[in-house]
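Participant: need a structure here:
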Amino acid sequence: MDFNIIRIARVVMNVTDLDRSRAFYVDALGFVETERDEDHLYLRGLEEHVHHSLVLKKSEKPGIQAMAYKVMEEQHLDQLYTFFKDKGMRPKWMDQGCQRGIGRTLRVQDPSGLPLEFFAEMEGVERMLQRYDLYRGARIQRIDHVNCMVQDVEAAQSFYMNELGFRCSEYTATEDDRVWAAWLHRKPTVHDHAFMNGVGPRLHHVGFSLSDPMSVIHCCDVLAAKGYAHAIERGPGRHGLSNAFFLYLRDPDGNRIELYTGDYLTSDPDFKPIRWDLNDPRRATFWGHAAPDSWFNEASVVLDVHTGEELPTSEPVLQQRKPDFVT
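Facilitator: As a prediction, the model looks like this:
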């Protein structure tokens, strides 16, 4: 493997109303607005030293255009292009200058149908980590991960681990030892990319890292005060899987955002993946309470990297859609 993928670095997401989205993401959640034009809103966390980690693009319908990974060097983009082309996956170079703040970019539909993007360079900006006078809402620090619903988790896991060099930190298995969900990483934390069994391909959520659990609690108070209590879908709570303190929100277009803090280091080469039984109530929520049905059934559609059209979905290969336990 000649390419070095560093981490998940940005998501490009369609929204139907930029003003409405700005009120949610900037005024309520506390994202930093780097730049805006007529059709785009570029957002980042307080810790981030680059132009953005989330692009909201005005469109008639919601949809996920790209989930992007940063690579170590420019040459790795060319190596990835050759790799994907040799596999018949039709990689696509984005036109230079068509995307603000980012260098040369490569897009491809992965074997599950997810729209991936790779880049090496992004324009630098002022890091706001110690501008405590500007902290608002959830005090978003940085992008942490994406979680996707796919038809075949085991196939997705195999491709990312065997072909792209990801490692597994934790996974969920059924009684007959089929992988129902997997948490994979390139950076040394629990995950950059998770896969869960479900109708797919779809983006389940984008996770953003916070500095502490009280930022999650404070965000709930801010959301309620601003009239967004209905946006809280699940939590606050603590995951058994990953140990993270979490909150799941739905933005004005229904896209799911996770506020996430408190996972752990996975850098040691002898770290062994942790297995969770699908029906263990502590797996998804360490305190044992169940997630709502919407969390297992609803997700954001993804778009074709060549046509921009919504990609069709398929039923998952594993019949069980959610854990089966009594709380």
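Participant: Report how many residues lie close to residue 270.
Facilitator: 4 (other C-beta atoms under 10 Å). For glycine as for every other residue, the C-beta is placed from the backbone atoms N, C-alpha and C.
Participant: In terms of pLDDT, where does it sit?
Facilitator: On the pLDDT scale, residue 270 is placed at 96.
Participant: cool, residue 306 as well?
Facilitator: 97.
Participant: and it, that's in a helix?
Facilitator: No. Per DSSP: H, G, I helix; E, B strand; the rest coil, residue 306 lies outside any helix segment and is coil.
Participant: so what's the spatially closest residue to it that is not a sequence neighbour up against?
Facilitator: Once flanking residues are discounted, residue 306 sits nearest to residue 92: 6.3 Å by C-beta to C-beta, 6 or more residues apart in numbering. With contacts defined as C-beta atoms under 8 Å, 6 or more residues apart in numbering, residue 92 is in contact with 106-108, 305-306.
Participant: Drop anything exposed from the residues you listed.
Facilitator: 106-108, 305 (16 or more other C-beta atoms under 10 Å).
Participant: Kindly indicate which of the residues you listed lies nearest residue 60.
Facilitator: Set against residue 60, the nearest of the buried ones among the contacts of residue 92 by C-beta to C-beta is residue 305 (18.7 Å).
Participant: Quick check: pLDDT value at residue 288.
Facilitator: Per the predicted model, pLDDT is 85 at residue 288.
Participant: Residue 129 and residue 32 touch, don't they?
Facilitator: No. In terms of C-beta atoms under 8 Å, residue 129 does not count as a neighbour of residue 32; the distance is 10.6 Å.
Participant: for the record, mean pLDDT for the longest strand along the chain?
Facilitator: Ranked by residue count under DSSP state E, the longest strand found in the chain is strand 5-15. Strand 5-15 carries an average pLDDT of 98.
Participant: so where is the chain shaky, pLDDT-wise?
Facilitator: Residue ranges of the chain with pLDDT under 70: 1, 325-327.
Participant: picking that back up, is it possible to get JSON lines of the contacts of residue 92 that adds distance to residue 203?
Facilitator: JSON lines is the format used below for the contacts of residue 92 (distance: C-beta to C-beta, whole Å):
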{"residue": "106", "distance to residue 203": "19"}
{"residue": "107", "distance to residue 203": "15"}
{"residue": "108", "distance to residue 203": "16"}
{"residue": "305", "distance to residue 203": "14"}
{"residue": "306", "distance to residue 203": "18"}
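Participant: of those residues, closest to residue 121?
Facilitator: residue 106 (12.6 Å).
Participant: ok, and the closest non-adjacent residue to that closest one?
Facilitator: Closest to residue 106 by C-beta to C-beta, 6+ apart is residue 118, at 4.7 Å.
Participant: Which of the three states applies to the one you found?
Facilitator: Classified using three-state DSSP, residue 118 is strand.
Participant: Is it bridged to anything, and to what?
Facilitator: Residue 118 forms beta bridges with residue 69, residue 106, as assigned by DSSP bridges.
Participant: can you map out the strands along the stretch 1-150 of the chain?
Facilitator: Under the criterion DSSP state E, counting those that start in this stretch, strands of the stretch 1-150 of the chain are mapped to 5-15, 32-36, 40-44, 54-58, 63-71, 92-93, 105-109, 115-119, 142-150.
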